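Novice: how would this look folded up:
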Amino acid sequence: MRDRFAVTPRQFRLASYIALGSLTLIVLTGAAVRLTDSGLGCSNWPKCGGTPLPPLSYHALVEFGNRAVSGVVGAITAVVFGLSFFRKPFRRDLMWLALLLPLGVVAQAVLGGFTVLNHLAPGFVMAHFSLSLLIIVAALSLAWRSTFEPGSRARSHDRLAVWSARGLLPLAALTIFAGTAATAAGPHSGGFTGQIVHRLHFKGADTLTWVVHRHATIAAVFGIAVIAVWLLHRRRASERTLEPMMVLGFLLAAQGLVGSVQYELHLPADMVWVHVALATFTWLAVLWTVAAAGALVPRRAAVPVPAAEPRTEQRELSAVGPTG
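Specialist: The predicted model follows:
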């Protein structure tokens, strides 16, 4: 059966990139649900109200539409997982990465259900978005690894360049996490008028201002780190990481501009959505940078052991030759 339905590496690579795109799309549609105040458009889960289909109201249709898109994305990831078995040649590493995608979508759906049942509690909303980014890590890893055959990319000897690129990942994660906290403290609760949705309020009325300022500070540190790492890689001629870092720098500049303008305009929903979209693409650019930096040559590479020389007596006998 594997020979009959064989999938070429090129076909599987295309499928993996389609999965990555669809998983990115679901992050953006999920943000749209929240920013249109439709997070509780369906008051329960998995049904939408008393029936599987939503009532004919704006918020219910938006929320249910996001669930429908999630179902399509789940189907795509399941197909990619199935294709991993028919890829020729078969690669176990790709199969395990492909498995993480449908599992992640299922986990995301369950967590989304708990988020609705807990009336969009800030912790659940933040976890929901964070899980989406973790699934994107698996999806980009799958797409990247399927692009190259094992051993086709040379390992790097430049430990400083590789580790500096990897160091951007936790900074990016911290920046985005602070952004989710700012959203959880902001005016966009996800519920429409008349629905009670709790917000982060550990600093009282000053919570939003406090979180936004911390988010801006962390983002500034992240931006400075990106510039420093780019300069380092440019001086060390790490050409394979310069392109993704240029993209990352452009996205951060755009992100800073949008963030500043939206704060001065008191966080209009459309600009907040652009901010979330840019954050998602920034996360992708960071993952691209880390992947492009590649793997390192092991510190203790295997050194072939020279063959033992023959004993002195044996060399002498061989020089004399056979006797008798």
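
Novice: Got the domain ranges for the protein?
Specialist: According to automatic domain parsing, the chain comprises the domains 1-147, 156-296.

Novice: Tabulate those domains (a markdown table), appending mean neighbour count.
Specialist: (Glycine included, C-beta is placed from N, CA and C.) Compiled in a markdown table, these are given as follows (neighbours: other C-beta atoms under 10 Å):
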| stretch | mean neighbour count |
| --- | --- |
| domain 1-147 | 18 |
| domain 156-296 | 17 |
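
Novice: doesn't residue 262 make contact with residue 268?
Specialist: Yes. Counting by C-beta atoms under 8 Å, residue 268 touches residue 262, with 6.6 Å between them.

Novice: secondary structure element for residue 24?
Specialist: helix 9-35 (DSSP states H and E).

Novice: Mean confidence (pLDDT) on that helix, please.
Specialist: The average of the pLDDT scores along helix 9-35 is 94.

Novice: Could you list every helix and strand that that helix packs against?
Specialist: helix 58-86, helix 92-117, helix 122-147, helix 269-293 (3 or more C-beta pairs under 8 Å, 6 or more residues apart in numbering; DSSP states H and E).

Novice: The shortest one versus helix 9-35: what angle between them?
Specialist: Comparing the axes of helix 269-293 and helix 9-35 via axes from the mean of the first three to the mean of the last three C-alpha atoms, to 10 degrees yields an angle of 150 degrees.

Novice: who does helix 269-293 touch, helix- and strand-wise?
Specialist: Under the contact rule (3+ C-beta pairs under 8 Å, 6+ apart), helix 269-293 is packed against helix 9-35, helix 122-147, helix 159-185, helix 239-264.

Novice: Could you list every helix and strand in contact with the last one?
Specialist: Translated: helix 239-264. Against helix 239-264 (3+ C-beta pairs under 8 Å, 6+ apart) you get helix 159-185, helix 207-235, helix 269-293.

Novice: Distance from the last one to the middle of the chain?
Specialist: Helix 269-293 sits 9 Å away from the centroid of its parent chain (C-alpha atoms, centre = their mean, to the nearest Å).

Novice: That one vs helix 159-185, what angle?
Specialist: Per the same axes, to 10 degrees, the angle that helix 269-293 makes with helix 159-185 is 160 degrees.

Novice: With the second one instead?
Specialist: Here helix 207-235 runs at 160 degrees with respect to helix 159-185, directions being taken by the same axes, to 10 degrees.

Novice: any idea how far residue 280 is from residue 216?
Specialist: Residue 216 sits at a distance of 19 Å from residue 280 (criterion: C-beta to C-beta, to the nearest Å).

Novice: Next, residue 200: secondary structure please.
Specialist: coil (DSSP: H, G, I helix; E, B strand; the rest coil).

Novice: Thought residue 212 was touching it, still the case?
Specialist: No. Between residue 200 and residue 212 there is no contact under C-beta under 8 Å: 11.5 Å.

Novice: quick one: residue 189 from residue 162, how far?
Specialist: With distances taken as C-beta to C-beta, residue 189 is found 42 Å from residue 162.

Novice: meant to ask about residue 277, not that
Specialist: Residue 277 sits 29 Å away from residue 162, taking C-beta to C-beta as the criterion.

Novice: Residue 279: what's it in contact with?
Specialist: Shown in contact with residue 279 (C-beta atoms under 8 Å, 6 or more residues apart in numbering): 176, 179, 255.

Novice: Go ahead and confirm residue 227 touches residue 249.
Specialist: Yes. Counting by C-beta under 8 Å, residue 249 is a contact partner of residue 227 at 7.0 Å.

Novice: Return the distance of stretch 114-126 from the chain's centre.
Specialist: Worked out by C-alpha atoms, centre = their mean, stretch 114-126 lies 21 Å from the chain centre.

Novice: next one: stretch 130-149
Specialist: 7 Å.

Novice: going forward, begin numbering at 7 instead of 1
Specialist: Got it, the first residue is 7 from now on, which makes the last one we talked about stretch 136-155.

Novice: could you dump that stretch to CSV, C-alpha only?
Specialist: Taking Å, rounded to 0.1, in the frame of the first residue of the first chain, the C-alpha atoms of stretch 136-155 are listed here in CSV:
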residue,chain,number,x,y,z
SER,A,136,0.0,30.4,24.1
LEU,A,137,-0.9,26.9,23.1
SER,A,138,-1.5,28.1,19.6
LEU,A,139,2.1,29.4,19.4
LEU,A,140,3.4,26.1,20.7
ILE,A,141,1.6,24.2,18.0
ILE,A,142,3.1,26.6,15.4
VAL,A,143,6.6,25.5,16.8
ALA,A,144,5.8,21.9,15.9
ALA,A,145,4.3,22.9,12.5
LEU,A,146,7.3,25.0,11.5
SER,A,147,9.7,22.3,12.7
LEU,A,148,7.9,19.8,10.5
ALA,A,149,7.9,22.1,7.5
TRP,A,150,11.6,23.0,8.0
ARG,A,151,12.8,19.4,8.5
SER,A,152,10.8,18.1,5.6
THR,A,153,12.6,20.7,3.4
PHE,A,154,16.0,19.0,4.0
GLU,A,155,17.1,15.4,4.0
